[in-house]
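> Need a 3D model of the following:
(chains A and B)
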Amino acid sequence: MLTELILVVMFIYVIAILLLSIIALKGPTIGDQVLAIDVLTYISLVLFTLLSIYLKQPLLIVLVIPLALWVYSLDIYIAKYLERGDLGA
Amino acid sequence: MVLEVSVILRIIGSALLCLGAFAALVSAIGFHRFKNFYLRLHAATIGSIWGSVYPLVGAALLATTVEELGVYRWFVAGASIVAAFIVLILAPAGSHALARGVHKARVARVKPCIADKLDPELCG
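Predicted coordinates:
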């Protein structure tokens, strides 16, 4: 019962990730691409958590928190680069 | 029949997961349907809060009831709660900074425009 539900939810998340990766690859402007990568990463956090529950492997959960922090730093770097023209150390 | 705690946790977690899957799909479709960057921020908010924070909390509740994980089910639940809190704090801050940067650098225009008091040249 639980494993079927997790499989269905993971399938819907994979469809959402495929749709978002189209925008992330060819989006109209750089802002759209970064925004799509942002949402794609937040959604894949849920996918990794469900994968670790489904496969009964607790170590898969370790990469979730660094991934969330990494995509925030990507936002800040792109915003600063667009605003100032360089990263400004 | 006595309703156990694990059954209640499993029902609430499953409901949150289904809500999150629906919101993720709506967000992904909205990215394709909205016209410009500033409108897509709305789809991004749906995808980050409804599509990620609530399912992570639901997965944490679900992980506490999975006996096969052993002691590590508390580890999985705690990491999910912490990740949900991090996304709840950082996702609005990140998209706010990105929107400000894009508007200041004049990368994306406000295409169906009524008024843009910050930078009137971007309108239209």
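
> And the pLDDT at the residue nearest to the spatial centre of chain B?
What sits nearest the mean C-alpha location of chain B, by Cα atoms, centre = their mean, is residue B:48, with 1.8 Å. According to the prediction, residue B:48 has pLDDT 93.

> The closest residue to it other than its chain neighbours: neighbour count?
Closest residue to residue B:48 apart from its sequence neighbours, by Cβ to Cβ, 6 or more residues apart in numbering or on different chains: residue B:91 at 3.9 Å. (Glycine included, C-beta is placed from N, CA and C.) By other Cβ atoms under 10 Å in any protein chain shown, the residues close to residue B:91 number 25.

> Buried residues, the host helix or strand of residue B:91. List them.
Assessed by DSSP states H and E, residue B:91 sits inside helix B:72-104. Neighbour counts over helix B:72-104 (16 or more other Cβ atoms under 10 Å in any protein chain shown) mark B:72-73, B:75-77, B:79-80, B:82-84, B:86-88, B:90-91, B:94-95, B:97-99, B:101-103 as buried.

> can you check stretch B:6-17 too?
So for stretch B:6-17, counting by 16+ other Cβ under 10 Å, buried means B:9-10, B:13-14, B:16-17.

> What ranges does chain A have for its helices?
Under the criterion DSSP state H, chain A contains helices at A:2-26, A:30-54, A:64-84.

> hmm, I was thinking of chain B
Here chain B has its helices, by DSSP H, at B:5-33, B:37-45, B:54-63, B:72-104.

> residue ranges with poor pLDDT in the chain?
No chain in the question, so chain A it is. Low-confidence segments of chain A, defined by pLDDT under 70: A:88-89.

> that answer is for a different chain, and I need it for chain B
Residue ranges of chain B with pLDDT under 70: B:1-2.

> Any idea how many residues pack against the residue nearest to residue B:50 when sequence neighbours are not counted?
Nearest residue to residue B:50, sequence neighbours excluded (Cβ to Cβ, 6+ apart): residue B:23, at 3.6 Å. The number of residues packed near residue B:23 is 21, by other Cβ under 10 Å.
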